[in-house]
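Undergrad: Need the 3D shape of this:
(one chain, ligands or ions: 3)
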Amino acid sequence: MGIIERIKEIEAEMARTQKNKATEYHLGQLKAKIAKLRTQLLEPPKGASGGGEGFEVTKYGHGRVALIGFPSVGKSTLLTMLTGTHSEAASYEFTTLTCIPGVIHYNDTKIQLLDLPGIIEGASEGKGRGRQVIAVAKSSDLVLMVLDASKSEGHRQILTKELEAVGLRLNKKPPQIYFKKKKTGGISFNTTAPLTHIDEKLCYQILHEYKIHNAEVLFRENATVDDFIDVIEGNRKYIKCVYVYNKIDVVGIDDVDRLARQPNSIVISCNLKARYQMLKPQLALLNLDRLLARMWDEMGLVRVYSKPQGQQPDFDEPFVLSSDRGGCTVEDFCNHVHRTLVKDMKYALVWGTSARHNPQNCGLSQHLEDEDVVQVVKKKERDEGGRGRFKSHSNAPARIADREKKAPLKQ
Ligand SMILES: Nc1nc2c(ncn2[C@@H]2O[C@H](COP(=O)(O)OP(=O)(O)OP(=O)(O)O)[C@@H](O)[C@H]2O)c(=O)[nH]1
Ligand SMILES: [K+]
Ligand SMILES: [Mg+2]
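TA: Ligands and ions are numbered 1, 2, ... in the order given. Here you go, the predicted model:
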(Lines give C-alpha, C1' and ligand atoms only; values in the text may rest on other atoms or scores of the structure.)
(Ligands and ions follow the chains in the order given, each with its own letter.)
Protein backbone atom coordinates (compact mmCIF):
# COMPACT_ATOMS: atom_id res chain seq x y z
CA MET A 1 0.00 0.00 0.00
CA GLY A 2 1.26 3.47 -0.87
CA ILE A 3 1.70 6.28 1.66
CA ILE A 4 -1.32 8.21 0.37
CA GLU A 5 -3.56 5.16 0.70
CA ARG A 6 -2.34 4.60 4.25
CA ILE A 7 -3.10 8.22 5.14
CA LYS A 8 -6.58 7.86 3.63
CA GLU A 9 -7.16 4.67 5.60
CA ILE A 10 -6.21 6.26 8.91
CA GLU A 11 -8.31 9.32 8.12
CA ALA A 12 -11.26 7.02 7.50
CA GLU A 13 -10.64 5.25 10.80
CA MET A 14 -10.54 8.62 12.60
CA ALA A 15 -13.81 9.65 10.97
CA ARG A 16 -15.41 6.36 12.16
CA THR A 17 -14.15 6.77 15.71
CA GLN A 18 -16.41 8.65 18.10
CA LYS A 19 -14.68 11.43 20.00
CA ASN A 20 -14.82 10.91 23.74
CA LYS A 21 -12.61 10.45 26.77
CA ALA A 22 -12.14 6.74 26.06
CA THR A 23 -11.02 7.17 22.44
CA GLU A 24 -8.88 10.28 23.04
CA TYR A 25 -5.63 8.31 23.36
CA HIS A 26 -6.31 6.23 20.30
CA LEU A 27 -7.16 9.33 18.22
CA GLY A 28 -3.98 11.05 19.39
CA GLN A 29 -1.95 8.09 18.24
CA LEU A 30 -3.66 8.09 14.84
CA LYS A 31 -2.87 11.78 14.44
CA ALA A 32 0.79 11.08 15.10
CA LYS A 33 0.73 8.25 12.55
CA ILE A 34 -0.68 10.57 9.88
CA ALA A 35 1.87 13.29 10.69
CA LYS A 36 4.68 10.75 10.28
CA LEU A 37 3.35 9.56 6.94
CA ARG A 38 2.92 13.12 5.66
CA THR A 39 6.54 13.84 6.52
CA GLN A 40 7.57 10.73 4.61
CA LEU A 41 5.54 11.97 1.67
CA LEU A 42 7.55 15.19 1.62
CA GLU A 43 10.90 13.45 1.50
CA PRO A 44 12.21 13.11 -2.04
CA PRO A 45 12.12 9.47 -3.26
CA LYS A 46 15.33 7.55 -2.56
CA GLY A 47 17.82 7.81 -5.41
CA ALA A 48 16.17 10.92 -6.89
CA SER A 49 18.68 13.68 -7.52
CA GLY A 50 17.74 17.14 -6.38
CA GLY A 51 13.99 16.55 -6.36
CA GLY A 52 13.17 17.19 -10.04
CA GLU A 53 12.49 20.55 -11.56
CA GLY A 54 11.04 22.99 -9.05
CA PHE A 55 10.27 26.65 -9.56
CA GLU A 56 13.55 28.04 -8.26
CA VAL A 57 13.46 31.79 -8.59
CA THR A 58 16.23 33.86 -7.05
CA LYS A 59 15.12 35.90 -4.07
CA TYR A 60 15.08 39.61 -4.72
CA GLY A 61 14.24 42.73 -2.73
CA HIS A 62 13.29 43.05 0.91
CA GLY A 63 10.71 40.27 1.08
CA ARG A 64 8.87 37.64 -0.90
CA VAL A 65 5.12 37.24 -1.37
CA ALA A 66 3.52 34.23 -3.12
CA LEU A 67 0.15 34.21 -4.90
CA ILE A 68 -1.55 30.90 -4.13
CA GLY A 69 -4.99 29.87 -5.32
CA PHE A 70 -7.21 27.69 -7.45
CA PRO A 71 -6.96 28.10 -11.24
CA SER A 72 -8.45 31.21 -12.86
CA VAL A 73 -9.07 33.22 -9.69
CA GLY A 74 -7.06 36.11 -11.15
CA LYS A 75 -3.53 35.58 -9.77
CA SER A 76 -1.80 36.55 -13.02
CA THR A 77 -4.08 39.53 -13.59
CA LEU A 78 -3.17 40.73 -10.12
CA LEU A 79 0.57 40.25 -10.64
CA THR A 80 0.41 42.28 -13.85
CA MET A 81 -1.52 45.09 -12.13
CA LEU A 82 0.71 45.31 -9.07
CA THR A 83 4.11 44.88 -10.68
CA GLY A 84 3.74 45.84 -14.32
CA THR A 85 5.41 42.55 -15.24
CA HIS A 86 3.18 40.82 -17.77
CA SER A 87 1.90 37.40 -16.82
CA GLU A 88 -0.46 35.74 -19.27
CA ALA A 89 -4.08 35.81 -18.08
CA ALA A 90 -6.97 34.02 -19.76
CA SER A 91 -10.40 32.59 -19.02
CA TYR A 92 -9.22 28.97 -19.17
CA GLU A 93 -7.69 27.09 -16.22
CA PHE A 94 -3.95 26.47 -15.87
CA THR A 95 -2.95 29.40 -18.04
CA THR A 96 0.14 29.87 -15.88
CA LEU A 97 2.46 26.88 -15.90
CA THR A 98 5.50 28.16 -14.06
CA CYS A 99 6.60 30.73 -11.49
CA ILE A 100 6.60 34.34 -12.75
CA PRO A 101 8.35 36.92 -10.55
CA GLY A 102 7.51 40.61 -10.44
CA VAL A 103 8.58 43.47 -8.18
CA ILE A 104 6.36 45.82 -6.19
CA HIS A 105 7.90 49.19 -5.34
CA TYR A 106 6.25 50.43 -2.18
CA ASN A 107 7.36 52.79 0.61
CA ASP A 108 10.90 52.91 -0.77
CA THR A 109 11.15 49.13 -0.48
CA LYS A 110 11.12 46.38 -3.09
CA ILE A 111 8.95 43.33 -2.61
CA GLN A 112 9.15 40.28 -4.83
CA LEU A 113 5.72 39.02 -5.88
CA LEU A 114 5.47 35.52 -7.35
CA ASP A 115 2.70 34.40 -9.68
CA LEU A 116 2.22 30.62 -9.64
CA PRO A 117 0.18 27.94 -11.38
CA GLY A 118 -3.22 27.25 -9.87
CA ILE A 119 -3.39 24.43 -7.36
CA ILE A 120 -6.21 21.96 -6.85
CA GLU A 121 -7.50 19.74 -4.08
CA GLY A 122 -4.93 17.00 -3.54
CA ALA A 123 -2.02 19.32 -4.34
CA SER A 124 -0.28 18.29 -1.12
CA GLU A 125 -0.32 14.69 -2.31
CA GLY A 126 1.32 15.65 -5.57
CA LYS A 127 -1.65 16.45 -7.81
CA GLY A 128 -0.83 18.86 -10.64
CA ARG A 129 2.20 20.96 -9.83
CA GLY A 130 0.97 21.34 -6.26
CA ARG A 131 4.18 20.21 -4.59
CA GLN A 132 6.35 22.74 -6.40
CA VAL A 133 3.84 25.54 -5.80
CA ILE A 134 3.72 24.74 -2.10
CA ALA A 135 7.51 24.68 -1.92
CA VAL A 136 7.53 28.26 -3.20
CA ALA A 137 4.88 29.23 -0.65
CA LYS A 138 7.16 27.84 2.05
CA SER A 139 10.03 30.02 0.86
CA SER A 140 7.91 33.18 1.14
CA ASP A 141 7.46 35.73 3.90
CA LEU A 142 3.78 36.13 3.18
CA VAL A 143 1.15 34.15 1.28
CA LEU A 144 -1.64 35.94 -0.54
CA MET A 145 -4.31 33.30 -0.91
CA VAL A 146 -6.35 34.47 -3.87
CA LEU A 147 -9.99 33.34 -3.89
CA ASP A 148 -12.80 33.92 -6.38
CA ALA A 149 -15.52 35.85 -4.51
CA SER A 150 -18.18 34.28 -6.73
CA LYS A 151 -17.13 30.68 -6.05
CA SER A 152 -17.77 28.34 -3.12
CA GLU A 153 -16.67 29.63 0.25
CA GLY A 154 -15.36 26.14 0.99
CA HIS A 155 -12.37 26.87 -1.24
CA ARG A 156 -10.69 28.84 1.51
CA GLN A 157 -10.87 25.83 3.82
CA ILE A 158 -9.73 23.34 1.18
CA LEU A 159 -6.65 25.40 0.30
CA THR A 160 -5.76 26.04 3.92
CA LYS A 161 -5.93 22.29 4.54
CA GLU A 162 -3.69 21.55 1.56
CA LEU A 163 -1.04 23.91 2.89
CA GLU A 164 -1.37 22.54 6.40
CA ALA A 165 -0.95 18.98 5.15
CA VAL A 166 2.58 19.85 4.09
CA GLY A 167 3.56 21.56 7.31
CA LEU A 168 2.63 25.18 6.65
CA ARG A 169 0.90 26.92 9.55
CA LEU A 170 -0.96 30.03 8.50
CA ASN A 171 -1.34 32.98 10.88
CA LYS A 172 -0.29 30.89 13.85
CA LYS A 173 2.50 31.29 16.34
CA PRO A 174 4.78 28.35 17.14
CA PRO A 175 3.35 26.43 20.14
CA GLN A 176 4.87 27.32 23.49
CA ILE A 177 6.23 23.86 24.16
CA TYR A 178 9.83 23.12 25.05
CA PHE A 179 10.93 19.77 23.68
CA LYS A 180 14.37 18.23 23.70
CA LYS A 181 15.39 14.67 22.88
CA LYS A 182 17.85 13.06 25.28
CA LYS A 183 20.13 10.04 25.20
CA THR A 184 19.04 8.66 28.57
CA GLY A 185 16.89 9.49 31.59
CA GLY A 186 13.43 8.61 30.34
CA ILE A 187 10.75 11.22 29.74
CA SER A 188 10.48 14.23 32.01
CA PHE A 189 7.09 15.89 31.65
CA ASN A 190 6.27 19.31 33.07
CA THR A 191 3.72 22.01 32.56
CA THR A 192 3.38 25.62 33.65
CA ALA A 193 -0.19 25.98 32.35
CA PRO A 194 -3.32 23.93 33.04
CA LEU A 195 -3.80 21.47 30.17
CA THR A 196 -7.28 20.64 28.91
CA HIS A 197 -6.52 19.06 25.51
CA ILE A 198 -3.70 16.71 26.35
CA ASP A 199 -2.30 14.97 29.43
CA GLU A 200 0.90 13.21 30.45
CA LYS A 201 -0.28 9.77 29.37
CA LEU A 202 -1.29 10.97 25.90
CA CYS A 203 2.09 12.72 25.52
CA TYR A 204 3.86 9.45 26.37
CA GLN A 205 1.78 7.59 23.80
CA ILE A 206 2.54 10.08 21.07
CA LEU A 207 6.26 10.02 21.92
CA HIS A 208 6.08 6.22 21.91
CA GLU A 209 4.61 6.37 18.40
CA TYR A 210 7.74 8.33 17.42
CA LYS A 211 9.92 5.79 19.27
CA ILE A 212 11.15 8.57 21.54
CA HIS A 213 11.87 7.19 25.04
CA ASN A 214 14.14 9.89 26.46
CA ALA A 215 13.14 13.53 26.27
CA GLU A 216 12.39 16.68 28.19
CA VAL A 217 8.90 18.14 27.65
CA LEU A 218 7.62 21.41 29.08
CA PHE A 219 4.21 22.83 28.15
CA ARG A 220 4.12 26.59 28.60
CA GLU A 221 0.54 26.97 27.30
CA ASN A 222 -2.66 24.98 26.97
CA ALA A 223 -1.55 23.34 23.72
CA THR A 224 -3.34 20.66 21.70
CA VAL A 225 -2.26 17.22 20.46
CA ASP A 226 -1.70 18.77 17.02
CA ASP A 227 0.55 21.44 18.53
CA PHE A 228 2.59 18.79 20.31
CA ILE A 229 2.99 16.75 17.12
CA ASP A 230 4.07 19.94 15.29
CA VAL A 231 6.80 20.49 17.87
CA ILE A 232 8.03 16.88 17.67
CA GLU A 233 8.08 16.98 13.87
CA GLY A 234 9.98 20.25 14.13
CA ASN A 235 9.72 21.04 10.40
CA ARG A 236 6.70 23.33 10.45
CA LYS A 237 6.81 26.69 8.78
CA TYR A 238 4.83 29.48 10.45
CA ILE A 239 3.82 32.01 7.87
CA LYS A 240 1.42 34.92 7.55
CA CYS A 241 -1.44 34.68 5.10
CA VAL A 242 -3.91 37.24 3.79
CA TYR A 243 -7.03 35.86 2.11
CA VAL A 244 -7.70 37.98 -0.98
CA TYR A 245 -11.23 37.73 -2.39
CA ASN A 246 -10.97 38.85 -6.02
CA LYS A 247 -13.73 39.50 -8.59
CA ILE A 248 -16.04 41.35 -6.20
CA ASP A 249 -17.40 43.08 -9.28
CA VAL A 250 -19.45 40.00 -10.08
CA VAL A 251 -21.08 39.49 -6.67
CA GLY A 252 -23.68 41.47 -4.74
CA ILE A 253 -22.84 44.03 -2.09
CA ASP A 254 -24.05 41.74 0.72
CA ASP A 255 -21.54 39.08 -0.29
CA VAL A 256 -18.77 41.66 -0.53
CA ASP A 257 -19.60 42.85 2.95
CA ARG A 258 -19.66 39.34 4.40
CA LEU A 259 -16.36 38.30 2.78
CA ALA A 260 -14.63 41.49 3.88
CA ARG A 261 -15.48 40.56 7.48
CA GLN A 262 -13.79 37.16 7.37
CA PRO A 263 -10.62 37.02 9.46
CA ASN A 264 -7.38 38.08 7.73
CA SER A 265 -9.29 38.95 4.58
CA ILE A 266 -9.47 41.72 2.02
CA VAL A 267 -11.79 42.11 -0.96
CA ILE A 268 -10.57 43.39 -4.32
CA SER A 269 -11.38 43.45 -7.98
CA CYS A 270 -9.03 43.55 -10.89
CA ASN A 271 -11.90 44.54 -13.14
CA LEU A 272 -13.68 47.49 -11.57
CA LYS A 273 -11.38 49.83 -13.37
CA ALA A 274 -12.61 48.91 -16.81
CA ARG A 275 -16.24 48.92 -15.74
CA TYR A 276 -16.57 51.98 -13.59
CA GLN A 277 -13.66 54.27 -14.20
CA MET A 278 -15.71 56.63 -16.35
CA LEU A 279 -18.53 56.79 -13.84
CA LYS A 280 -16.91 56.79 -10.43
CA PRO A 281 -13.22 57.59 -10.33
CA GLN A 282 -12.92 56.50 -6.69
CA LEU A 283 -13.81 52.95 -7.66
CA ALA A 284 -10.83 52.91 -9.96
CA LEU A 285 -8.83 52.31 -6.82
CA LEU A 286 -10.09 48.69 -6.87
CA ASN A 287 -9.01 48.42 -3.27
CA LEU A 288 -5.57 47.47 -4.54
CA ASP A 289 -4.07 50.36 -2.59
CA ARG A 290 -5.51 48.82 0.56
CA LEU A 291 -4.16 45.44 -0.45
CA LEU A 292 -0.68 46.91 -0.85
CA ALA A 293 -0.85 48.70 2.49
CA ARG A 294 -2.05 45.53 4.18
CA MET A 295 0.65 43.45 2.56
CA TRP A 296 3.31 45.89 3.65
CA ASP A 297 2.03 45.93 7.23
CA GLU A 298 1.99 42.13 7.42
CA MET A 299 5.60 41.93 6.25
CA GLY A 300 6.72 43.86 9.30
CA LEU A 301 9.47 45.73 7.46
CA VAL A 302 11.35 48.44 9.32
CA ARG A 303 12.99 51.27 7.36
CA VAL A 304 15.95 52.85 9.07
CA TYR A 305 17.61 56.01 7.75
CA SER A 306 21.28 56.42 8.32
CA LYS A 307 22.56 59.79 9.47
CA PRO A 308 26.25 60.49 8.94
CA GLN A 309 27.79 62.63 11.65
CA GLY A 310 27.16 66.34 11.11
CA GLN A 311 25.03 65.71 8.01
CA GLN A 312 21.42 65.26 7.01
CA PRO A 313 20.12 61.69 7.09
CA ASP A 314 19.79 59.93 3.77
CA PHE A 315 16.02 59.70 3.37
CA ASP A 316 16.17 58.30 -0.15
CA GLU A 317 17.74 54.94 0.62
CA PRO A 318 16.52 53.29 3.80
CA PHE A 319 18.17 50.23 5.28
CA VAL A 320 15.35 47.73 5.44
CA LEU A 321 15.21 45.42 8.44
CA SER A 322 12.60 42.89 9.50
CA SER A 323 11.57 41.72 12.93
CA ASP A 324 10.65 38.28 11.55
CA ARG A 325 13.82 37.78 9.56
CA GLY A 326 17.18 38.92 10.88
CA GLY A 327 15.79 41.24 13.53
CA CYS A 328 15.70 45.02 13.80
CA THR A 329 17.99 46.12 16.59
CA VAL A 330 20.78 48.70 16.33
CA GLU A 331 23.12 45.71 15.97
CA ASP A 332 21.16 44.37 12.98
CA PHE A 333 21.26 47.86 11.46
CA CYS A 334 25.05 48.05 11.92
CA ASN A 335 25.47 44.65 10.25
CA HIS A 336 23.48 45.92 7.27
CA VAL A 337 25.71 48.97 6.90
CA HIS A 338 29.12 47.39 7.32
CA ARG A 339 30.40 44.21 8.90
CA THR A 340 32.96 45.94 11.12
CA LEU A 341 30.58 48.63 12.38
CA VAL A 342 29.38 46.69 15.43
CA LYS A 343 32.97 46.41 16.61
CA ASP A 344 33.69 50.12 16.03
CA MET A 345 30.51 51.52 17.53
CA LYS A 346 30.70 53.48 20.77
CA TYR A 347 26.98 54.19 20.92
CA ALA A 348 24.15 55.11 18.58
CA LEU A 349 21.94 58.18 18.48
CA VAL A 350 18.38 57.30 17.58
CA TRP A 351 15.57 59.62 16.49
CA GLY A 352 12.05 58.35 15.89
CA THR A 353 9.28 56.38 17.55
CA SER A 354 11.57 53.86 19.22
CA ALA A 355 13.42 56.65 21.05
CA ARG A 356 12.19 57.81 24.44
CA HIS A 357 13.52 61.27 23.65
CA ASN A 358 15.12 62.64 20.50
CA PRO A 359 17.83 61.63 20.06
CA GLN A 360 18.26 58.78 22.49
CA ASN A 361 21.67 57.41 23.31
CA CYS A 362 21.36 53.70 22.55
CA GLY A 363 23.34 50.49 22.67
CA LEU A 364 23.35 47.55 20.26
CA SER A 365 20.23 45.93 21.70
CA GLN A 366 17.89 48.89 21.08
CA HIS A 367 14.86 47.81 19.01
CA LEU A 368 14.35 50.12 16.07
CA GLU A 369 10.99 51.05 14.59
CA ASP A 370 9.87 51.98 11.11
CA GLU A 371 11.33 55.32 9.93
CA ASP A 372 13.80 55.73 12.75
CA VAL A 373 16.97 57.70 12.06
CA VAL A 374 20.26 56.31 13.37
CA GLN A 375 23.66 57.91 13.74
CA VAL A 376 26.41 55.55 14.78
CA VAL A 377 29.10 57.22 16.85
CA LYS A 378 32.35 55.32 16.51
CA LYS A 379 34.83 54.73 19.32
CA LYS A 380 37.52 56.98 17.90
CA GLU A 381 35.22 59.78 16.75
CA ARG A 382 34.40 62.88 18.68
CA ASP A 383 30.63 63.27 18.94
CA GLU A 384 29.96 66.59 17.19
CA GLY A 385 26.50 65.83 15.95
CA GLY A 386 24.69 68.37 13.84
CA ARG A 387 21.70 70.27 15.00
CA GLY A 388 19.09 71.08 12.44
CA ARG A 389 16.09 69.90 10.55
CA PHE A 390 16.13 67.00 8.13
CA LYS A 391 15.24 67.92 4.53
CA SER A 392 13.39 65.23 2.64
CA HIS A 393 10.18 64.08 0.98
CA SER A 394 9.70 61.28 3.50
CA ASN A 395 7.34 61.95 6.40
CA ALA A 396 9.92 60.82 8.94
CA PRO A 397 11.63 64.25 9.16
CA ALA A 398 8.30 66.00 9.71
CA ARG A 399 7.52 63.73 12.62
CA ILE A 400 10.99 64.07 14.02
CA ALA A 401 10.84 67.86 13.67
CA ASP A 402 7.58 67.71 15.57
CA ARG A 403 9.27 65.83 18.38
CA GLU A 404 12.11 68.28 18.33
CA LYS A 405 9.79 71.11 19.30
CA LYS A 406 8.89 69.19 22.42
CA ALA A 407 12.37 67.94 23.22
CA PRO A 408 15.05 69.92 21.43
CA LEU A 409 17.73 68.07 19.49
CA LYS A 410 21.11 68.21 21.12
CA GLN A 411 23.19 66.45 18.50
N1 LIG B 1 -14.87 39.75 -13.41
C2 LIG B 1 -13.59 39.67 -13.07
N3 LIG B 1 -12.77 38.89 -13.79
C4 LIG B 1 -11.47 38.85 -13.46
C5 LIG B 1 -10.95 39.60 -12.36
N6 LIG B 1 -9.63 39.33 -12.26
C7 LIG B 1 -9.34 38.47 -13.25
N8 LIG B 1 -10.44 38.17 -13.98
C9 LIG B 1 -10.54 37.27 -15.12
O10 LIG B 1 -10.41 35.92 -14.66
C11 LIG B 1 -9.80 35.12 -15.65
C12 LIG B 1 -8.61 34.36 -15.05
O13 LIG B 1 -7.60 35.30 -14.73
P14 LIG B 1 -6.08 34.84 -14.57
O15 LIG B 1 -5.35 36.05 -14.14
O16 LIG B 1 -5.63 34.13 -15.79
O17 LIG B 1 -6.24 33.82 -13.38
P18 LIG B 1 -5.10 32.87 -12.74
O19 LIG B 1 -5.49 32.69 -11.34
O20 LIG B 1 -3.76 33.41 -13.03
O21 LIG B 1 -5.35 31.53 -13.56
P22 LIG B 1 -4.34 30.27 -13.78
O23 LIG B 1 -3.01 30.78 -14.18
O24 LIG B 1 -4.99 29.52 -14.89
O25 LIG B 1 -4.34 29.51 -12.51
C26 LIG B 1 -9.39 36.05 -16.77
O27 LIG B 1 -10.35 35.95 -17.79
C28 LIG B 1 -9.41 37.42 -16.12
O29 LIG B 1 -9.70 38.46 -17.04
C30 LIG B 1 -11.87 40.41 -11.63
O31 LIG B 1 -11.53 41.09 -10.66
N32 LIG B 1 -13.17 40.40 -12.03
K1 LIG C 1 -6.57 31.44 -16.08
MG1 LIG D 1 -2.20 32.56 -13.96
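Undergrad: And the helices in the chain?
TA: 3-16, 24-42, 75-83, 130-138, 154-165, 200-209, 225-233, 253-260, 272-276, 288-299, 330-337, 341-344, 396-406 (DSSP state H).
Undergrad: among those, which is nearest ligand 2?
TA: helix 75-83 (6.7 Å; CB to the ion). For glycine as for every other residue, the C-beta is placed from the backbone atoms N, C-alpha and C.
Undergrad: and the angle for the closest one with helix 288-299?
TA: 90 degrees (axes from the mean of the first three to the mean of the last three CA atoms, to 10 degrees).
Undergrad: Is the closest residue to residue 75 other than its chain neighbours bridged to anything, and to what?
TA: In space, not counting the residues next to it along the chain, residue 75 is nearest to residue 67; the distance is 4.3 Å by CB to CB, 6 or more residues apart in numbering. Following DSSP bridges, residue 67 is listed with bridge partners residue 144.
Undergrad: Residue 67 touches residue 146, doesn't it?
TA: Yes: between residue 67 and residue 146 there is a contact at 5.6 Å, judged by CB atoms under 8 Å.
Undergrad: shared neighbours of the two, anything?
TA: Counting by CB atoms under 8 Å, 6 or more residues apart in numbering, the contacts common to residue 67 and residue 146 are 75, 78.
Undergrad: for ligand 1, what are the nearby residues on this structure?
TA: Proximity of the chain to ligand 1, by CB under 6 Å from any ligand atom, involves residues 69, 71-77, 89-91, 93-96, 117-118, 246-247, 249-250, 269-271.
Undergrad: Repeat the analysis, applying 8 Å as the threshold.
TA: 67, 69-80, 87-97, 115, 117-118, 146, 246-250, 268-272, 286 (CB under 8 Å from any ligand atom).
Undergrad: low-scoring pLDDT stretches of the stretch 201-350 of the chain, where are they?
TA: 272-285 (pLDDT under 70).
Undergrad: how about 90 then?
TA: 235, 249-250, 252-253, 270-289, 309-312, 314-317, 323-326, 339 (pLDDT under 90).
Undergrad: For residue 263, grab the count of nearby residues.
TA: Counted with other CB atoms under 10 Å, residues neighbouring residue 263 total 6.
Undergrad: the domain parsing of the chain - what is it?
TA: 3-43+175-233, 64-172+237-296, 301-406 (automatic domain parsing).
Undergrad: Starting from the longest strand along the chain, tell me which strands it pairs with and how they run.
TA: Longest strand in the chain by number of residues, with DSSP state E as the criterion: strand 237-246. When sheet partners are counted by DSSP bridges, strand 237-246 sits next to strand 142-148 (parallel), strand 168-170 (parallel), strand 265-267 (parallel).
Undergrad: How about that strand and ligand 3, any contact?
TA: No: using CB under 5 Å from the ion, strand 237-246 stays clear of ligand 3, coming no nearer than 11.9 Å.
Undergrad: so that strand versus helix 225-233, what angle?
TA: Going by the same axes, to 10 degrees, strand 237-246 makes 130 degrees with helix 225-233.
Undergrad: Buried residues, strand 237-246. List them.
TA: 239, 240, 241, 242, 243, 244, 245, 246 (16 or more other CB atoms under 10 Å).
Undergrad: Identify, from these, the entry nearest to residue 333.
TA: Of all the buried residues of strand 237-246, residue 333 sits closest to residue 240, with 23.3 Å by CB to CB.
Undergrad: what bridges to the closest one?
TA: With DSSP bridges as the rule, residue 240 is bridged to residue 142.
Undergrad: surely it meets residue 170?
TA: Yes: the criterion here is CB under 8 Å, and residue 240 meets it with residue 170 at 7.4 Å.
Undergrad: near ligand 3, which residues of the stretch 51-200 of the chain show up?
TA: So far as CB under 5 Å from the ion goes, the stretch 51-200 of the chain lies against ligand 3 at 75, 76, 95, 96.
Undergrad: so where's the stretch 1-150 of the chain shaky on pLDDT?
TA: 1-4, 19-22, 38-56, 120-132, 134-135.
Undergrad: now the strands paired with strand 237-246 in CSV, with distance to residue 295?
TA: Shown next, in CSV, are those (distance: least, CB to CB, whole Å):
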stretch, distance to residue 295
strand 142-148, 7
strand 168-170, 15
strand 265-267, 9
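Undergrad: okay, those strands in a markdown table with mean neighbour count next?
TA: Converted to a markdown table, the strands paired with strand 237-246 look like this (neighbours: other CB atoms under 10 Å):
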| stretch | mean neighbour count |
| --- | --- |
| strand 142-148 | 24 |
| strand 168-170 | 20 |
| strand 265-267 | 20 |
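Undergrad: of all those, which lies closest to residue 319?
TA: Of the strands paired with strand 237-246, nearest to residue 319 by CB to CB is strand 142-148, at 20.5 Å.
Undergrad: does any part of that closest one sit near ligand 2?
TA: No: no part of strand 142-148 sits near ligand 2 under the criterion CB under 5 Å from the ion; the closest distance found is 10.8 Å.
Undergrad: Tell me the span between the first and last residue of stretch 123-135.
TA: 11 Å (CA to CA, to the nearest Å).
Undergrad: How about it, which residues are buried there?
TA: Across stretch 123-135, burial judged by 16+ other CB under 10 Å covers 123, 124, 125, 128, 129, 130, 131, 132, 133, 134, 135.
Undergrad: which residues are contacting that stretch?
TA: By CB under 8 Å, 6+ apart, stretch 123-135 touches 4, 38, 41, 53-55, 68, 94, 97, 116-122, 162-163, 165-166, 168.
Undergrad: Give me the pLDDT for residue 156.
TA: In this prediction, residue 156 carries a pLDDT score of 96.
Undergrad: how about it, what does it touch?
TA: Residue 156 neighbours (CB under 8 Å, 6+ apart): 145, 147, 243, 262.
Undergrad: Distance check, it against residue 262.
TA: Residue 156 sits 8 Å away from residue 262, taking CB to CB, to the nearest Å as the criterion.
Undergrad: With residue 224 instead?
TA: Residue 224 is 23 Å from residue 262, by CB to CB.
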